[in-house]
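Novice: Output the structure for:
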Amino acid sequence: MRATLTGLGVAIGVAGIVAAVAVMEGFQRYAVRAVREAGAGGDLAVVTVPNRALSRRERRVFLERPHLTVDDLEAAQRACAACDALGGLTALTRPLRWKRARHESAAVMGVTSGLFGVLPAREVQSGRLISPVEIDRGRAVATIGSDVARALFGRVDPVGKSIALGVGRVRIVGVTVPKGRVLGVSQDDFIWVPLGLHRKLFGEQSLSLHARVADDALLVAEAQIRAGVRHRRGLRPGAPDDFSFETPDTLLALQRATIQRVASAILAVTVLALIVAGAVVANTILISVTERAAEVALRRAVGASRKDIFIQFVVESLALSLCGGLAGALAGSLAAAGIGLIVAAENAGFEAMARPTTALVGLGAAVAVGLAAGVYPARRAALLDPIVGLRQE
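Specialist: Numbers count the residues shown, from 1 in each chain. Just a heads-up that it's a prediction; the model follows:
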């Protein structure tokens with residue numbers, strides 16, 4: 001029983017390492033694929049506040065920057081010959097109402113006609129997308145995501161219905177095909193309205209500019225947009241930009257940093273569990289040495305050397321830890337697969353499978369714990385006086 005509980009301690013530590021590494025690697029792969037497939041913001045974005053970890057001082061400085069406006073967008077469009085398409089977007093979270101139904105959390109996005117040439121195409125399951133003409137004229141029309149449609153209308157077809165938005169009303173012309181969730185965030189909880197209408201309903205808001213650019217023209221496009229926006233704002237040569245550029249790689253770097261912080265915290269806990277398990281292994285072997293003092297003494301009396309005794313107890317410690325490590329590696333792999341299935345239910349395409357190298361790392365940790373925990377008890381057994389041991393019998 002004592003050996004079983006000791007092995008269980010090692011198994012828990014190893015299982016934690018294997019599961020944590022597998023799940024974090026799964027999130028890493030999923031984040032890369034999700035950002036690439038979503039085409040998050042196009043190939044190049046211009047924003048007021050960058051999407052990265054910011055100190056309080058940095059955030060305060062960024063929030064004091066002037067808003068990106070339609071004039072900035074038009075200046076960027078004139079300057080960026082390398083851009084295949086360039087559009088603007090602003091977003092707020094506002095409640096929506098239809099009759100007695102209310103939806104609190106929709107992202108209300110004001111878009112320009114150029115944005116649909118930047119973002120990945122969204123198919124509609126009913127109706128149509130708002131048209132460039134409607135966007136340019138600021139018509140009171142909207143395309144909604146499937147989450148909004150389900151929350152407000154249930155099984156009723158939303159196309160042609162008018163909903164309350166801010167201080168006005170908009171007519172729904174289409175509902176997009178569901179895309180599911182990415183990193184826990186719904187891709188279908190939105191409403192698109194023309195930017196002009198958005199400004200009438202909610203006032204002037206800062207835009208983010210999004211451009212579709214060929215891979216080999218990214219630096220040229222960034223330079224052209226920078227020159228155009230700086231000229232419109234009258235920034236002198238040498239003055240810092242009062243806006244920031246972002247690419248999908250920027251978002252991936254943020255995701256990686258977040259995942260690595262979470263992984264570090266989880267691994268720290270599992271390593272602590274392994275250290276505790278090592279102490280338990282050492283205590284178990286020490287008890288075994290005490291209980292088997294007569295056996296050790298008898299072996300010494302018939303010719304066994306101190307080295308033989310030392311090796312015997314180190315091997316026993318390693319065997320105990322290795323058995324726990326094997327069980328932990330298996331349990332960790334199964335746990336990672338189970339977590340992957342749970343996460344995939346909300347995030348299609350997510351997988352968390354433990355690699356053989358991860359299992360080997362876990363087993364290596366178990367062996368290291370067994371070796372470290374077995375040295376002191378084994379040395380104590382090797383130095384035991386045979387006469388004293390036989391007297392204990």
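Novice: any weak-confidence spans in the stretch 201-350 of the chain?
Specialist: 250-251, 254-255, 289, 291-293, 296-297, 300-301, 346-349 (pLDDT under 70).
Novice: And the strands in it?
Specialist: 208-213, 244-246 (DSSP state E, counting those that start in this stretch).
Novice: got TSV for the ones you listed, with distance to Val302 and mean neighbour count too?
Specialist: Every C-beta, even on glycine, is put in place using the N, C-alpha and C of the backbone. As requested, the strands of the stretch 201-350 of the chain are exported to TSV (distance: least, CB to CB, whole Å; neighbours: other CB atoms under 10 Å):
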stretch	distance to Val302	mean neighbour count
strand 208-213	82	25
strand 244-246	76	18
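Novice: Scan the chain for its longest strand.
Specialist: Longest strand in the chain, counting residues (DSSP state E): strand 83-93.
Novice: so who does Pro66 touch?
Specialist: 48, 233, 242 (CB atoms under 8 Å, 6 or more residues apart in numbering).
Novice: hang on, I meant Gly110
Specialist: 89-91, 193-199, 202, 205.
Novice: Out of those, which is nearest to Ala344?
Specialist: Nearest to Ala344 out of these is Ala91 (CB to CB; 27.6 Å).
Novice: Quick check, the closest one in contact with Val108.
Specialist: Yes. Here Ala91 lies in contact with Val108, judged by CB atoms under 8 Å, at a distance of 6.7 Å.
Novice: neighbour-wise, which of these two wins?
Specialist: Between Ala91 and Val108, counted using other CB atoms under 10 Å, the more crowded position is Val108 (23 against 17).
Novice: pLDDT wise, what is that one at?
Specialist: Looking at Val108, its pLDDT stands at 92.
Novice: Wasn't it part of a strand?
Specialist: Yes. Judged by DSSP: H, G, I helix; E, B strand; the rest coil, Val108 forms part of a strand.
Novice: That one and Leu201: what is the separation?
Specialist: Per CB to CB, to the nearest Å, Val108 is found 8 Å from Leu201.
Novice: quick one: terminal-to-terminal distance for stretch 227-245?
Specialist: 13 Å (CA to CA, to the nearest Å).
Novice: How far away from the center of its chain is that stretch?
Specialist: 33 Å (CA atoms, centre = their mean, to the nearest Å).
Novice: Kindly report the same for stretch 101-109.
Specialist: Distance, centroid of stretch 101-109 to centroid of chain: 25 Å (CA atoms, centre = their mean).
Novice: And for stretch 367-375?
Specialist: 35 Å.
Novice: Quick one: mean pLDDT over that stretch.
Specialist: 78.
Novice: contacts for that stretch?
Specialist: So stretch 367-375 is contacted by 10, 13, 274-275, 277-279, 281-282, 285, 313-314, 316-322, 325 (CB under 8 Å, 6+ apart).
Novice: rerun that using 7 Å as the cut-off
Specialist: Defining contact as CB atoms under 7 Å, 6 or more residues apart in numbering, one finds that stretch 367-375 is touched by 10, 274, 277-278, 281-282, 285, 313-314, 317-318, 320-322, 325.
Novice: got any residues that touch both of Val108 and Leu201?
Specialist: Leu165.
Novice: for the protein, longest helix please?
Specialist: helix 248-291 (DSSP state H).
Novice: Check the offset of that one from the chain's centre.
Specialist: So, by CA atoms, centre = their mean, the centroid of helix 248-291 is 20 Å from its chain's centroid.
Novice: Check stretch 354-367 too.
Specialist: 23 Å.
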